[in-house]
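Colleague: need a 3D model of the sequence below.
(2 chains)
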Amino acid sequence: MLEAREATLQQLMVRAVAGDEAAYRTLLTELSVSLRAFYRKRLVNLPAEVEDLVQETLLAVHNQRHTYDVTRPLTAWCFGIAKYKFVDLLRRRARHEALTDPLDDERELLGAQDPTSGDARRDLLQLLETLPDRQRLPIMHVKIEGRSVVETAQLTGISESAVKVGIHRGLKALAALVSAAS
Amino acid sequence: MKTDALIAMLAGQAGAVPRHTILRGAVIGAVLAGVAAFALMVWLLGVNPRLAAFLSLPGFWFKLAFAAALSGAGCVVSWRLAKPGVVVGGSGWLVVAPLAIVWALSILVLADAEPALRSQLVLGNTWRTCPINIAILSLPALAAGLWMLRAMAPTRLRLAGAACGLAAGGLGAMVYGLHCPELAAPFLGVWYVLGVLIPTIVGMALGPRVLRW
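Modeller: Numbers count the residues shown, from 1 in each chain, chains lettered A, B, ... in the order given. Just a heads-up that it's a prediction; the model follows:
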């Protein structure tokens, strides 16, 4: 069964790389389901971090997809990223906790710990606001408002190739912001 | 932002990722780093005046091959570590093999030599400056290598940094070999190895900070 899932996911990745948006969307959704379970199991004490980490990992999967070799199992590649992001979170938290007051623990106990599923604590849109215009505008128009590259180029006065580059660089910058912000 | 919205946003970016550009970039980077190291060697140290005579000596080619083997091993291991889910595995032997060969040869050479000449075989005339010069000549390659690794996704940052340092150190040792007058295997086994070890340790120390993504 696991092998069948691996084959399905790998097939989706091959199609996604070939430009099939629907396949890519299915793949990312499938991965998000697996990642959520993977992190939830490992972050029993930090449920609020789960969705943030799922989003951070999806962004990493997207930005690092050039490091995926189609002759290798997709699961191993994705697990490598998931594990890295998990260890990275623990390292960040360890550093953060070493600097914060132990009284925070008390407040944590009383604080609500039940975020709605699928909604991250950290808002990527807010982080997006901090990107420079040449990256932010293409992402806002093309990715969020669903305009075409041509329309975005006309609306913003940025050339078409610069819109594409802006999206690409912007998503990278967003990933960097995400791992720096938490 | 909901995760579903993020997925929708990313899905719109489906499409080919230019894979070959990475390898091409790596090759160009390595060549540029080699040229920079060579220029640095000519500028700081000067080419060995007896280089032309050295070209017919097997010891000279052995020295270059040893340095090249270490550099190549570092490149292969870095390339593997640059991708999530790929382990070092058997490629670790690529690092061990050249060291084992040089050390075995060193023992044979030292065992064969007159006891009074042994220290000369190990120390040569330039042992004081050899490791630090190799380390200096490896700097351009170390910087280029770490920069290239940043474009990939290493998950074991210390190890990836060390492998990158090994690749850079081997390249530095190769270029230094064009200046260095020493040819004895015991000299290589100690001072060249130390020289390569310096950028390896520097890479290992920088890895977690520089390669994080």
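Colleague: tell me, how many neighbours does residue 43 end up with?
Modeller: Since no chain was named, I'll use chain A. Neighbouring residues of A:L43 were enumerated by other C-beta atoms under 10 Å in any protein chain shown; the total is 16. In this view, the C-beta of every residue, glycine as well, is placed from N, C-alpha and C.
Colleague: wait, chain B was what I had in mind.
Modeller: Applying other C-beta under 10 Å, we find 8 other residues in the vicinity of B:W43.
Colleague: over to B:L171?
Modeller: Around B:L171 sit 33 other residues, with neighbours defined as other C-beta under 10 Å.
Colleague: ok, B:A16 next?
Modeller: Here the count is done by other C-beta under 10 Å, and B:A16 has 10 residues near it.
Colleague: and what of A:Y24?
Modeller: A:Y24 has 25 neighbours, counted by other C-beta under 10 Å.
Colleague: likewise A:A22?
Modeller: The burial count assigned to A:A22 is 12, neighbours taken as other C-beta under 10 Å.
Colleague: and the closest residue to chain A within chain B, what does it touch?
Modeller: Closest to chain A within chain B is B:P84: 2.9 Å, counting by C-beta to the nearest C-beta. The contact partners of B:P84, taken as C-beta atoms under 8 Å, 6 or more residues apart in numbering or on different chains, are A:64, A:67, A:76-81, A:84, B:153, B:155.
Colleague: so it versus B:W213, what's the distance?
Modeller: Taken as C-beta to C-beta, to the nearest Å, the spacing of B:P84 relative to B:W213 amounts to 10 Å.
Colleague: pLDDT, distance to A:M140 and neighbour count added to the contacts of B:P84, as TSV?
Modeller: Conversion of the contacts of B:P84 to TSV gives the following (pLDDT from 0 to 100; distance: C-beta to C-beta, whole Å; neighbours: other C-beta atoms under 10 Å in any protein chain shown):
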residue	pLDDT	distance to A:M140	neighbour count
A:Q64	90	23	23
A:T67	89	28	21
A:A76	91	35	15
A:W77	93	30	24
A:C78	93	28	23
A:F79	92	33	17
A:G80	94	32	22
A:I81	95	26	25
A:Y84	95	29	22
B:A153	93	27	26
B:T155	94	32	23
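Colleague: secondary structure element for the closest residue to A:E160 other than its chain neighbours?
Modeller: Excluding its sequence neighbours, the residue lying closest to A:E160 (C-beta to C-beta, 6 or more residues apart in numbering or on different chains) is A:A153, at 4.5 Å. A:A153 belongs to helix A:149-156 when assigned by DSSP states H and E.
Colleague: contact partners of the next helix or strand after that helix?
Modeller: Once helix A:149-156 ends, the next helix or strand along the chain (criterion: DSSP H and E) is helix A:160-181. Residues from elsewhere that reach helix A:160-181, judged by C-beta under 8 Å, 6+ apart: A:52, A:55-56, A:59-60, A:62-63, A:88, A:92, A:122, A:124, A:127-128, A:130-131, A:134-139, A:141-143, A:149-150, A:152-153, A:156, A:158, B:10, B:13, B:212-213.
Colleague: with stretch A:54-64 instead?
Modeller: With contacts defined as C-beta under 8 Å, 6+ apart, stretch A:54-64 is touched by A:28, A:31-32, A:35-36, A:39, A:78, A:81-82, A:85, A:120, A:122, A:124, A:171-172, A:174-175, A:178-179, A:182, B:1, B:3, B:6-7, B:10, B:13, B:84, B:152-153, B:213.
Colleague: quick revisit: return the subset of the contacts of B:P84 lying in strands.
Modeller: Helix and strand membership here follows DSSP state E; of the contacts of B:P84, not one is in strands.
Colleague: looking at the residues you listed, spot the one nearest A:L46.
Modeller: The closest of the contacts of B:P84 to A:L46 turns out to be A:Y84 (C-beta to C-beta; 17.2 Å).
Colleague: any idea how far that closest one lies from A:S179?
Modeller: To A:S179, A:Y84 is 11 Å away according to C-beta to C-beta.
Colleague: ok, now B:I201?
Modeller: With distances defined as C-beta to C-beta, the gap from B:I201 to A:S179 amounts to 26 Å.
Colleague: now swap in B:T126 and tell me
Modeller: Counting by C-beta to C-beta - B:T126 and A:S179 are separated by 46 Å.
Colleague: over to B:V175?
Modeller: Taken as C-beta to C-beta, the span from B:V175 to A:S179 is 36 Å.
Colleague: of these two, which one has the most company?
Modeller: Just comparing B:V175 and A:S179: by other C-beta under 10 Å the higher neighbour count belongs to B:V175, 29 against 16.
Colleague: quick check: that one touching B:F38?
Modeller: Yes. Here B:V175 lies in contact with B:F38, judged by C-beta atoms under 8 Å, at a distance of 5.4 Å.
Colleague: how about the contacts made by residue 88?
Modeller: All of this is about chain A. Residues near A:D88 by C-beta under 8 Å, 6+ apart: A:179, B:212.
Colleague: chain B, not that one
Modeller: For B:V88, the set of contacting residues under the criterion of C-beta under 8 Å, 6+ apart consists of B:77, B:80-81, B:159.
Colleague: out of those residues, who's the most crowded?
Modeller: The residue in the contacts of B:V88 with the most neighbours, by other C-beta under 10 Å, is B:L81 (27 neighbours).
Colleague: list the contacts of residue 43.
Modeller: In the absence of a named chain, chain A is used. Applying C-beta under 8 Å, 6+ apart, one finds that A:L43 lies in contact with A:49-50, A:53.
Colleague: ah, no, chain B please
Modeller: Under the criterion of C-beta under 8 Å, 6+ apart, B:W43 has no neighbours.
Colleague: that one and B:V175: what is the separation?
Modeller: With distances taken as C-beta to C-beta, B:W43 is found 12 Å from B:V175.
Colleague: which neighbouring elements make contact with the helix-or-strand element of chain B with minimal mean pLDDT?
Modeller: The helix or strand with the lowest mean pLDDT-type score in chain B, counting by mean pLDDT, DSSP states H and E, is helix B:3-11 (a mean of 87). Of the remaining helices and strands, those touching helix B:3-11 by 3 or more C-beta pairs under 8 Å, 6 or more residues apart in numbering or on different chains; DSSP states H and E are helix A:21-42, helix A:47-63.
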